[in-house]
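# Predicted structure and sequence below. I'll ask about it afterward.
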Amino acid sequence: MMATACLLAKNWKLSNAFNSPLRQFHSSTSLNLNRFLFDPSEIDTEAKSSSPTITLTKNDYRTIHAAKILSLHNGDTLRAGIVKDANINNSTLRPSLVAEESEYAGLITDEASIEWIPEGKIKKAQPTKNGDPPGSLQITLNDLVPIEEELSDMKPRISLILALPRPLALGRLLPMIAQMGVDHLVLTAAEKVPKDYFGSHLFRKPIEIRRALIEGLCQAADVQIPTVTITKRLKPFIEDDLESMFPSDKYARVIAHPQRKDGKPSLRMSQISFPENVSGKDKRIVLAVGPEGGWSEPYELDLFQEHGFQQVTLGSRILRSDVAVISLLSLASDLCASDD
């Protein structure tokens, strides 16, 4: 049971409960679609096909990508998946209806087949000479399997406690965090985090958080949306909720902080120790990354270390949040996979 005030009230799914999937799936033409991702609500439940089908409009960015970038023709196949939602925990956000979990959520296929449905004056069921879609696109999701069966090595092992960065920086970071396979993201206040950062549009419209995370999943060919927890009070979170979320007997707890000339020597990521009896594929890390100037000294550093966090460093340079986060996540992921 969460005790932090910010986390007490409710759980809301980051799902199609936020009305329409349009803003999450149809708003970009610049994504790298290493897997076409769909919301469960897009599945045509009335189709007579033995496999689930989805029909995309002509101006959907995935339709455009299939025509202009991939030049797909009828019968061609592509990689596809149905996103599986985690929760967002935050009592400050406006509540929405909670959608029921779809039986297809979390399933993937490398054998989804496509069929063009010409519209208007276009008669040929293939991309035009200019690479434009001839009409809407029907995708049949053949041979769906759980992603855990097909890509067991993609199971996330890293969780991230992140001092809330500037809103623009957070917008850039969210897709990267999803790409790196973080399974639980905690956005927290810190002494050096201005309070007005929590007034960002990302918190007024949490659907934008989901959209940004899905962008990263498209790149990584994954379907599991990370859990997101938001807290405005660091100390109560560490004292009351940390153990239930990230048990000390299962997670190596790591805090990143710039190395100070007169400070206590920090470890390198490769030197951290895991709990007893944890090895191989059971290795998990919860990583705490502070603001660009680092966590406050000594208060916040002491708070983390009192709760079993081992301090690591990337050196004495003060790095931007996005550089530090991605570097640390890469090192942590590599360490967890080092003796698989």
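Perfect, thanks for sending it.

# now the helices for the stretch 101-250 of the chain?
147-150, 167-179, 201-204, 207-220, 234-236, 242-245 (DSSP state H, counting those that start in this stretch).

# helices and strands around the shortest one, which ones?
Secondary-structure packing of helix 234-236 (3 or more C-beta pairs under 8 Å, 6 or more residues apart in numbering; DSSP states H and E): helix 299-306. For the C-beta atoms, the positions are set from N, CA and C on the backbone; glycine is no exception.

# Could you do the longest one as well?
For helix 207-220, the elements it packs on are helix 22-25, strand 36-38, helix 167-179, helix 201-204, judged by 3+ C-beta pairs under 8 Å, 6+ apart.

# weakest of the ones you listed in terms of mean pLDDT?
The minimum mean pLDDT among the helices and strands packed on helix 207-220 belongs to helix 22-25 (a mean of 48).

# Could I get the contacting residues of the residue lying closest to Ser321 once chain neighbours are set aside?
Sequence neighbours aside, Pro165 is the residue nearest to Ser321 in space, at 4.2 Å (criterion: C-beta to C-beta, 6 or more residues apart in numbering). Residues in contact with Pro165 (C-beta atoms under 8 Å, 6 or more residues apart in numbering) are Leu173, Tyr197, Pro291, Glu292, Ser321, Asp322.

# Any idea how many residues pack against Ala47?
Other residues within reach of Ala47, judged by other C-beta atoms under 10 Å, total 14.

# who touches it in this structure?
So Ala47 contacts Thr53 (C-beta under 8 Å, 6+ apart).

# related to what we said a few turns ago, keep only those of the contacts of Pro165 that are in strands.
Counting by DSSP state E, the contacts of Pro165 place none of their members in strands.

# Output those residues in TSV; the columns should cover neighbour count and distance to Phe203.
Shown next, in TSV, are those (neighbours: other C-beta atoms under 10 Å; distance: C-beta to C-beta, whole Å):
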residue	neighbour count	distance to Phe203
Leu173	21	15
Tyr197	19	9
Pro291	21	17
Glu292	17	20
Ser321	20	17
Asp322	16	19
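
# Just flag the most distant two among those residues.
Tyr197 and Asp322 (15.2 Å; C-beta to C-beta).
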